[in-house]
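In: no sequence on this one, just coordinates:
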């Protein structure tokens with residue numbers, strides 16, 4: 001059983017504002033290495049809500065390396081690996097956005113979400129937060145506050161214990177048993193369908209081209225006149241037919 005569990009913490013509402021990253025490397029069903037990096041985000045701005053979650057402040061990372069400087073070290077843990085994260089959509093989007101910000105080529109990997117795994121394996125829990133699963137599974141890792149390294153370790157333990165529930169020897173084997181498919185990163189670009197944009201509407205403002213409007217009104221007028229002409233002719237013919245019938 002081999003995989004890498006990851007967790008990101010961000011400084012503010014921007015997903016590329018990475019201020020910490022943690023990971024747990026699992027081999028043969030055991031965590032063999034845990035790491036954590038404190039990272040200086042591209043813009044040194046911390047939202048109070050984010051600080052209340054992880055406790056990291058500007059002064060904690062002011063002199064730390066930026067993500068692009070750490071990437072050569074981080075990359076070797078991610079590329080061509082099975083990656084797990086709790087609520088993986090967040091962490092994978094953070095990874096994508098920080099790589100895009102620095103114009104770094106995306107590594108190839110596949111990933112699973114341990115929150116989704118837990119919902120299938122232990123369906124009766126009130127919720128699937130890391131704190132709840134940590135307590136229920138008696139993992140016993142301090143999770144009073146979000147810390148990247150601790151959260152990555154809890155994530156790894158959740159996956160290991162889920163595999164034990166089904167005697168699965170790997171995450172891929174577990175995924176087949178519980179019918180949960182992995183997702184690839186980077187995702188193949190999807191062609192978005194073209195949205196219909198009203199002729200005179202741009203964004204939230206109405207912009208009208210007078211010449212086009214006059215032309216449209218003229219076309220409508222012509223159609224209206226033609227319709228009235230046809231109706232008039234039908235009425236006249238009907239009247240003539242009635243007169244001829246009774247004369």
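Out: Yep, that arrived. Worth saying up front: this structure is predicted, and the values here are computed from it rather than measured.

In: which SSE is the residue nearest the centre of the chain in?
Out: In the chain, the residue lying closest to the centroid (CA atoms, centre = their mean) is residue 89, at 4.6 Å. Using DSSP states H and E, residue 89 sits within helix 88-101.

In: by contact count, what packs against that helix?
Out: Counting contacts by 3 or more CB pairs under 8 Å, 6 or more residues apart in numbering; DSSP states H and E, helix 88-101 packs against strand 3-10, strand 109-113, helix 114-121, strand 183-185. C-beta: built from backbone N, CA, C; applies to glycine.

In: identify each buried residue in it, please.
Out: 88, 90-92, 94-96, 98-99, 101 (16 or more other CB atoms under 10 Å).

In: quick one: the residue nearest to the centre of the chain and residue 112 touch, right?
Out: No - counting by CB atoms under 8 Å, residue 89 stays clear of residue 112, with 11.6 Å between them.

In: shaky segments in this structure?
Out: Residue ranges of the chain with pLDDT under 70: 143-145, 188-224, 247.

In: ranges for the helices of the protein?
Out: 48-54, 58-61, 67-78, 88-101, 114-121, 130-136, 148-165, 171-178, 210-246 (DSSP state H).

In: what's the angle from the fifth one to helix 171-178?
Out: Helix 114-121 and helix 171-178 meet at an angle of 40 degrees, taking axes from the mean of the first three to the mean of the last three CA atoms, to 10 degrees as the criterion.

In: contacts for helix 114-121?
Out: When contacts are defined by CB atoms under 8 Å, 6 or more residues apart in numbering, helix 114-121 is touched by residues 5, 84-88, 125, 128, 133, 155, 158-159, 162, 165-166, 174, 178, 180.

In: need the buried ones from the residues you listed selected in ChimeraX.
Out: A single ChimeraX command selects the buried members of these (16+ other CB under 10 Å):
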select :5,84,85,86,87,88,128,133,155,158,159,162,174,178,180
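
In: okay, domains of the chain per the record?
Out: As assigned by automatic domain parsing, the chain contains the domains 3-185, 201-246.

In: most neighbours per residue, which of these?
Out: Highest mean neighbour count among the domains of the chain (mean count of other CB atoms under 10 Å): domain 3-185, with a mean of 18.

In: and that domain, how far apart are its ends?
Out: 15 Å (CA to CA, to the nearest Å).

In: how far does it sit from the chain's center?
Out: Put simply, domain 3-185 sits 14 Å off its chain's centre (CA atoms, centre = their mean, to the nearest Å).

In: much appreciated, bye for now.
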